[in-house]
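Asker: Fold the following and give me the result.
(chains A and B)
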Protein chains: 2
Amino acid sequence: MGKTVRETFRAPADLDRVDTRARPIGPRDKAAAAEEMGDIGKRLDHLQEALYAEATGGSPRALLLVLQGMDTSGKGGVIRHVGGLVNPQGLQIATFKKPTEEELAHDFLWRVRRQVPAPGRIGIFDRSHYEDVLIARVDSLVPEDVWRARYSQITDFEAELGAQGITMVKCMLHISAKEQAERLVARLDDPAKRWKYNPGDLDARVKWPAYQEAYAEAVQRTDTDDAPWYVIPSDRKWYRNWAIAALLAETLADLDPRFPEPDFDVDAERARLAASGVS
Amino acid sequence: MGKTVRETFRAPADLDRVDTRARPIGPRDKAAAAEEMGDIGKRLDHLQEALYAEATGGSPRALLLVLQGMDTSGKGGVIRHVGGLVNPQGLQIATFKKPTEEELAHDFLWRVRRQVPAPGRIGIFDRSHYEDVLIARVDSLVPEDVWRARYSQITDFEAELGAQGITMVKCMLHISAKEQAERLVARLDDPAKRWKYNPGDLDARVKWPAYQEAYAEAVQRTDTDDAPWYVIPSDRKWYRNWAIAALLAETLADLDPRFPEPDFDVDAERARLAASGVS
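Answerer: Numbering: from 1, shown residues only, chains lettered A, B, ... in the order given. Below you'll find the model as predicted:
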């Protein structure tokens, strides 16, 4: 039997072992991916509706997709193309930017706890608490002992979410420095893309090796069976989107969400409806 | 020249004049509608991205779609099928249920103000402040002088939103009592739909004429050029979805959102990128 999608992308001990252009499973080209996305979309849509319905019956379960990756790696693209496959009412999207003064006045997990998806939802984090062991480390925003202590604070937090009924799917969108350069050039060249360009992106780019090291350690120290990391080869946008859609579909199918039993008498309601006398 | 979509659906003085199965403009059948939805989807997606981008350059503009209608009229279906046409990151969906104690302790517009879409977003209200002149009136939740005073409080509030840069598209999803009965039966019959059924829906159904009267007066008293009401024939789901998608596309095209000019020197950034030296 072949590997599952989750087994295939599960983070290896060494991040360097993932080729950013690899296609270890699934479609070989864009056309095949587009076709598969149609099927996955239908399955995801149905599973998401069942998850949502289940919560109306009192289930606490929810899914949380965490997206991390260097600038241009495609976090926004995944929200658009994978998030776009399901009912937007079932999504809860949170974007974590540079922390505000209020956020900085609290523990680093404070702003994250406020965005944990409600029961029945698919939460998507565009960046996350992982920034607090990535940019915080690379730019020395806090002393080393502080960010080092965060690894176990994060695994404790994520175990707590798991116990609450939240299934996490943490994805690192892995691109090469060369691919990033091409995408940044494309943003500069196209007037309809320039608004996505931020001169600050280059400040992070020149620290590429330090970021890779920070990602590698973060992934390695916080990859648990309850809250696994997946490393997604992301130099090809269509492959990245397919891989994350397939991961979500497989994870949700495994959760097997169920439509709740009615808490009313169906026959009695049929009779009331028939007697409602409006026409 | 033919009427625009907005002119066609603009609320008439008398709600009774709208046939819930009418198709006064646009596709005649489901297949034609599906084809048009593909094109409208592409246009909407592009317009929504431009609106979002424009806001990153400082524009305060946003769109707000208000959905009102009897139970089963399709508010959720519009969010799914029309909201689903655009990038979910650009949506801000708010559902207004029975007010909580905290909400009741404030002015009726308090909870609504908190959900006004941010610049660049398409907000969707699943029910709204109009409940406060609908169920509040029909069920006498407040004295008549209180709900009567709300019409002008609402038009003042909506004028204020308009002045802030928010373009409102208020839609009443108009269905017949017969169509509602069929949809309620379908919800009772299908185990995958039962979770959507609420015995309380029948309590509203038996007050159908009172609700129609409340809708008619609300629409008539709060239909302004700044915040117009559209009455959407909604007995056919595909027509309802097409009509609202077309309304949004026409309204957004008229706003003509523009990608912002860069606030950095593009050539200087190209040079910095070339010199960033990572490969």
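Asker: So what would you say the end-to-end distance of stretch A:122-138 is?
Answerer: End-to-end span of stretch A:122-138 (Cα to Cα, to the nearest Å): 31 Å.
Asker: repeat for stretch A:134-150
Answerer: Stretch A:134-150 stretches 11 Å from its first residue to its last (Cα to Cα).
Asker: all helices for chain A, in order.
Answerer: A:5-9, A:30-56, A:75-81, A:101-104, A:110-113, A:135-138, A:144-164, A:177-189, A:200-205, A:208-222, A:237-255, A:266-274 (DSSP state H).
Asker: Which of those sits closest to B:L64?
Answerer: Relative to B:L64, the nearest member of the helices of chain A by Cβ to Cβ is helix A:75-81, separated by 21.5 Å. C-betas here are computed from N, CA, C, even on glycine.
Asker: of all the helices of chain A, which lies closest to B:P228?
Answerer: helix A:75-81 (30.1 Å).
Asker: tell me what that closest one is packed against?
Answerer: strand A:62-69, strand A:122-126, strand A:166-174, helix A:237-255 (3 or more Cβ pairs under 8 Å, 6 or more residues apart in numbering or on different chains; DSSP states H and E).
Asker: ok, residues contacting it?
Answerer: Residues outside helix A:75-81 that contact it (Cβ atoms under 8 Å, 6 or more residues apart in numbering or on different chains) are A:37, A:67-69, A:93, A:124, A:126-127, A:171, A:173, A:196, A:237, A:240-241, A:244-245, B:87-89.
Asker: ok, now stretch A:136-149?
Answerer: A:F108, A:D132, A:V133, A:I135, A:R150, A:A204, A:K207, A:A210, A:Y211, A:A214.
Asker: Going by distance to chain B, which of the residues you listed wins?
Answerer: A:K207 (9.0 Å; Cβ to the nearest Cβ).
Asker: Spatially, what comes nearest to A:Y52 if we skip its sequence neighbours?
Answerer: Among residues not flanking A:Y52 along the chain, A:G120 sits closest, at 4.3 Å (Cβ to Cβ, 6 or more residues apart in numbering or on different chains).
Asker: Quick one: distance of the lowest-mean-pLDDT helix or strand in chain A to the chain centre.
Answerer: Lowest on mean pLDDT, DSSP states H and E among the helices and strands of chain A sits helix A:200-205, with a mean of 92. Per Cα atoms, centre = their mean, to the nearest Å, the displacement of helix A:200-205 from the mean C-alpha position of its chain is 23 Å.
Asker: What lies in contact with that helix?
Answerer: A:70-72, A:135, A:138, A:177, A:180-181, A:184, A:211, B:269, B:272-273, B:276, B:278.
Asker: ditto for stretch A:49-63
Answerer: A:87, A:89-90, A:116-123, A:164-169, A:248, A:251-252, A:255, A:257-261, A:263, B:192, B:195-196.
Asker: on that earlier part again, for PyMOL, what selects the buried ones among the contacts of helix A:75-81?
Answerer: This is how PyMOL selects the buried members of the contacts of helix A:75-81, with burial counted by 16 or more other Cβ atoms under 10 Å in any protein chain shown:
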select buried, (chain A and resi 37+67+68+69+93+124+126+127+171+173+196+237+240+241+244+245) or (chain B and resi 87+88+89)
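Asker: out of the contacts of stretch A:136-149, which is most surrounded?
Answerer: A:V133 (25 neighbours; other Cβ atoms under 10 Å in any protein chain shown).
Asker: Hmm, it is touching A:Q220, no?
Answerer: No: using Cβ atoms under 8 Å, A:V133 is not in contact with A:Q220; the gap is 11.3 Å.
Asker: contacting residues for A:P228?
Answerer: A:R6, A:R10, A:A11, A:M168, A:V169, A:K170.
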